[in-house]
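J.: Build me a structure from this.
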Amino acid sequence: MSARVTSSDKIEDMFPETPVRKIITPIERLMKVETTGGIVLIIMTLAALIWANLSPESYEHFWHLPFVVTIGSWVGTGDLHWFINDALMTIFFFNIGLEVKGEMTYGELHDPKAASLPIIAAAGGMLFPALIYLALCPPGTSHGWGIPTATDIAFVVGCMAILGKKVPHALRVMILTLAIADDIGAILVIAIGYPSGDGINFSALGMAFVLLALFNVFFRIGVRNMLLLHFTGIAVWAFFVKSGVHPTIAGVLLGLSVPAKAVVAKGVVAQFASGVGNVLSGETKDRNEQYEVFTMLKRGASESVSLQERLYKMLVPWVNFGIMPIFALANAGVEIKLGGLDVPVLGAVALALIFGKPIGIFLFSLLSVKIGVSKKPSYSWKVLWGGGMLAGIGFTMALFVAGLAFEDGANKDSAKLGILLGSFSAAILGTIYMSIVSKEHKQ
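T.: Sure, this is the predicted structure:
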């Protein structure tokens, strides 16, 4: 006689429900609803805008409170805003890297022609906004061309969460990959178009890549010690910080390094399960042997699911209900000043985000498919246009570039308001458009 669990059995029915579980279970179910994370993100965005405009001094003061990270002899000094954007958001990008790695291994991006589409689309999504800005901006402000080129991946993810099953899974993967390529492109834009006096510390960057290579070697030789892997990942992040390259790139690279294939075949787990059946039926009475059986089952069950999948599913609720809302609260607080604005700069930035992104993404995608470089996506072209509209949300990186392009004054304030107007318009129009043209899809 062996224990058998049928597909109709519910996992929660197999374990006694404690008083704590009665409270936690409904919360877990609510967190699994796709739109919940998007609603929380919108609430935090509105809260940040209200706070920044009612009390701009307290908003700025709070997010610039000093924050220090010490790892051995290395000391990272910044403020609370730095910690959120450079540390917490690295975890967000690590999770995005995990999702993309899964799709590259056994999903939408497994085909190289399918994988090339978002990268080519990202190039168009950066080129056309820059051209529209240059065509519309007034004389003397052309150095702001880099402002509308980046997509804010966190807010795009939030909009797609609100749309839920209206967004095809393949489009979600395409936009996520596009946004990652976009962020890498934005870093190149900053390095080339807006160089700082310090430049890039290539020694630190070299050490980061050495440790990243070691991180990959660990997986290849079968190292599964999570403590060692965590320390190596944190060290990679620290060297990226020291190098001057935005550390969120470290998150993406680390996520892409995690293996997406299971170590143990599921058939082996079934053999372990039969051993558990013998224990439960009383055939195996020796306590040491029982311990061995359950230990092997635990390890086999763990190793039969890839590390990429385990880490991704573990991080999703923390990202959706922790990191992204905090990020929105810290970054969406733009003070709206209507006096002394440079309207042409405001209009150039807003229109470049609203129209440049979808035009560039759509045209480059269409061209790459027509010439045979990329594979035609499984969703329709009109759905792709909607994804391009959502990619016009250029919030955080655009605000960062605006601070590099313009000194304090009318141009900088106008560019920031243009980013706000363009990003919110892209989010609202893209969400409405997608809800109309896209049918519900099985995810």
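J.: Check the gap between residue 315 and residue 167 for me.
T.: Using CB to CB, to the nearest Å, we find residue 315 at a distance of 20 Å from residue 167. No exception for glycine: its C-beta is placed from N, CA and C like everyone else's.
J.: Those two: which has the busier surroundings?
T.: residue 167 (26 against 20; other CB atoms under 10 Å).
J.: Could I get the contacting residues of that one?
T.: 160, 387, 434, 438, 441 (CB atoms under 8 Å, 6 or more residues apart in numbering).
J.: Can I get these in TSV including neighbour count?
T.: Below are these laid out as TSV (neighbours: other CB atoms under 10 Å):
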residue	neighbour count
160	22
387	30
434	24
438	20
441	17
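J.: what's residue 65 sitting at in phi/psi?
T.: Main-chain torsions, residue 65, degrees, to the nearest 10: phi -60, psi 140.
J.: Wait, it touches residue 79, no?
T.: Yes - counting by CB atoms under 8 Å, residue 65 does reach residue 79; the two are 6.0 Å apart.
J.: So which of the two has more stuff around it?
T.: Taking other CB under 10 Å, residue 65 and residue 79 do not tie; residue 79 has more neighbours (15 against 10).
J.: Please name the bridge partners of the more buried one.
T.: Under DSSP bridges, the beta-bridge partners of residue 79 are residue 66.
J.: isn't it right up against residue 66?
T.: Yes - the criterion here is CB under 8 Å, and residue 79 meets it with residue 66 at 5.8 Å.
J.: shared neighbours of the two, anything?
T.: Overlap of the contact sets of residue 79 and residue 66 (by CB under 8 Å, 6+ apart) is empty.
J.: Tell me which residues of the one helix or strand residue 414 maps to come out buried.
T.: Using DSSP states H and E, residue 414 falls within helix 410-437. Residues 410-427, 429-431, 433-434 are the ones in helix 410-437 that count as buried (16 or more other CB atoms under 10 Å).
J.: For residue 69, which three-state class applies?
T.: On the three-state scheme (DSSP: H, G, I helix; E, B strand; the rest coil), residue 69 is labelled strand.
J.: quick one: it and residue 80, what's the gap?
T.: Residue 69 is 12 Å from residue 80, by CB to CB.
J.: do the same with residue 142
T.: On the measure of CB to CB, residue 142 and residue 80 end up 34 Å apart.
J.: Next: residue 55.
T.: 16 Å.
J.: and what of residue 180?
T.: Applying CB to CB to residue 180 and residue 80 gives a distance of 26 Å.
J.: try residue 211
T.: Where residue 80 is concerned, residue 211 sits at a distance of 27 Å (CB to CB).
J.: which one of the two has more residues nearby?
T.: Neighbours were counted for residue 211 and for residue 80 using other CB under 10 Å; residue 211 has more, 22 against 15.
J.: hang on, isn't the more buried one packed against residue 231?
T.: No - look at residue 211 against residue 231 with CB under 8 Å: they stay out of range, at 9.9 Å.
J.: coming back round to it: what helices or strands is the helix holding residue 414 leaning on?
T.: helix 153-163, helix 343-351, helix 381-390, helix 395-405 (3 or more CB pairs under 8 Å, 6 or more residues apart in numbering; DSSP states H and E).
J.: which one is residue 51 nearest to, not counting chain neighbours?
T.: residue 59 (5.1 Å; CB to CB, 6 or more residues apart in numbering).
J.: next one: residue 215
T.: residue 232 (5.0 Å).
J.: Looks to me like the one you found is in a helix.
T.: Yes - under three-state DSSP, residue 232 sits within a helix.
J.: what about it, neighbour count?
T.: Residue 232, neighbours per other CB under 10 Å, totals 17.
J.: Quick check: it touching residue 213?
T.: No - with contact defined as CB under 8 Å, residue 232 does not count as touching residue 213 (10.5 Å).
J.: any idea how far residue 60 is from residue 79?
T.: Residue 79 is 10 Å from residue 60, by CB to CB.
J.: per-domain residue ranges of the protein.
T.: Following automatic domain parsing, the chain resolves into domains at 35-200+245-261+306-437, 262-305.
J.: Count the neighbours of residue 95 for me.
T.: 24.
J.: tell me how far the helix or strand containing residue 204 is from the chain's mean position?
T.: Per DSSP H and E, residue 204 falls inside helix 202-220. Computed by CA atoms, centre = their mean, to the nearest Å, the separation of helix 202-220 from the middle of its chain amounts to 22 Å.
J.: what's next to that helix, contact-wise?
T.: 228-229, 232-233, 235-236, 239-240, 242-245, 250, 253-254, 257-259, 307.
J.: same thing but 7 Å
T.: 229, 232-233, 235-236, 239-240, 242-243, 245, 250, 253-254, 257, 259 (CB atoms under 7 Å, 6 or more residues apart in numbering).
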